[in-house]
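A.B. asks: okay, sequence plus prediction incoming.
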Amino acid sequence: QVQLVESGGGLVQAGGSLRLSCAASGGTLSGYVMGWFRQAPGKEREFVGTLSRTGRTTYYADSVKGRFTISRDNAKTTLYLEMNSLKPEDTAVYSCAAGFVSGGSRDSDYKYWGQGTQVTVSS
């Protein structure tokens with residue numbers, strides 16, 4: 001089974017950018033639908049976006065559409081989340097996940113999860 005490890009989180013000012021990475025071990029990301037989720041303190045985990053198995057199709061939550069971009073490297077070992085025009089409300093722990101449901105936006109659509117990386121956006 002694939003293991004996922006996120007990195008790239010940190011503290012950034014509003015309007016800034018960050019790129020998160022999700023590295024796979026024990027296998028590649030090939031064959032998986034990949035998703036990004038986030039959870040702010042005191043809130044439920046929220047869907048951010050998803051990338052299809054082929055890497056050609058993405059879907060995003062309305063709250064991040066036009067600001068965030070999901071991509072994957074050619075070796076299919078690392079998933080990325082490029083975040084631009086960050087807002088304080090984007091502050092959360094961001095987690096990547098691998099599953100088999102095309103366009104999945106629910107936690108239950110994903111089988112494997114990383115441990116998350118903290119993103120803090122200051123105003």
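C.D. replies: The structure has been received and is ready for your questions. Source: prediction; values computed, not measured.
A.B. asks: only C-alpha atoms from now on, for both contacts and neighbour counts.
C.D. replies: Noted.
A.B. asks: can you show me the strands along this protein?
C.D. replies: 3-7, 10-13, 18-25, 33-39, 46-51, 58-60, 68-72, 78-83, 92-99, 110-113, 117-122 (DSSP state E).
A.B. asks: most centrally placed residue in the protein?
C.D. replies: residue 36 (2.6 Å; Cα atoms, centre = their mean).
A.B. asks: show me the contacts for it.
C.D. replies: Residue 36 sits next to 47, 48, 49, 50, 81, 94, 95, 96, 97 when contact means Cα atoms under 8 Å, 6 or more residues apart in numbering.
A.B. asks: ends of stretch 41-53, what's the gap?
C.D. replies: One end of stretch 41-53 sits 31 Å from the other (Cα to Cα, to the nearest Å).
A.B. asks: my bad, should have said stretch 54-65
C.D. replies: 20 Å.
A.B. asks: check which residues of that stretch are buried.
C.D. replies: Buried residues in stretch 54-65, defined by neighbour count with 16 or more other Cα atoms under 10 Å: 55, 58, 59, 60, 64.
A.B. asks: so which of those comes closest to residue 41?
C.D. replies: residue 64 (18.3 Å; Cα to Cα).
A.B. asks: partner residues bridging residue 83?
C.D. replies: Under DSSP bridges, the beta-bridge partners of residue 83 are residue 18, residue 68.
A.B. asks: okay, it: pLDDT?
C.D. replies: Residue 83 is assigned a pLDDT of 98 by the prediction.
A.B. asks: that one touches residue 18, doesn't it?
C.D. replies: Yes. In this structure, residue 83 is within contact of residue 18 by Cα atoms under 8 Å, at 5.3 Å.
A.B. asks: returning to what we had before: counting neighbours, which of the contacts of residue 36 comes out on top?
C.D. replies: Ranked by the number of neighbours (other Cα atoms under 10 Å), the contacts of residue 36 place residue 96 first, at 29 neighbours.
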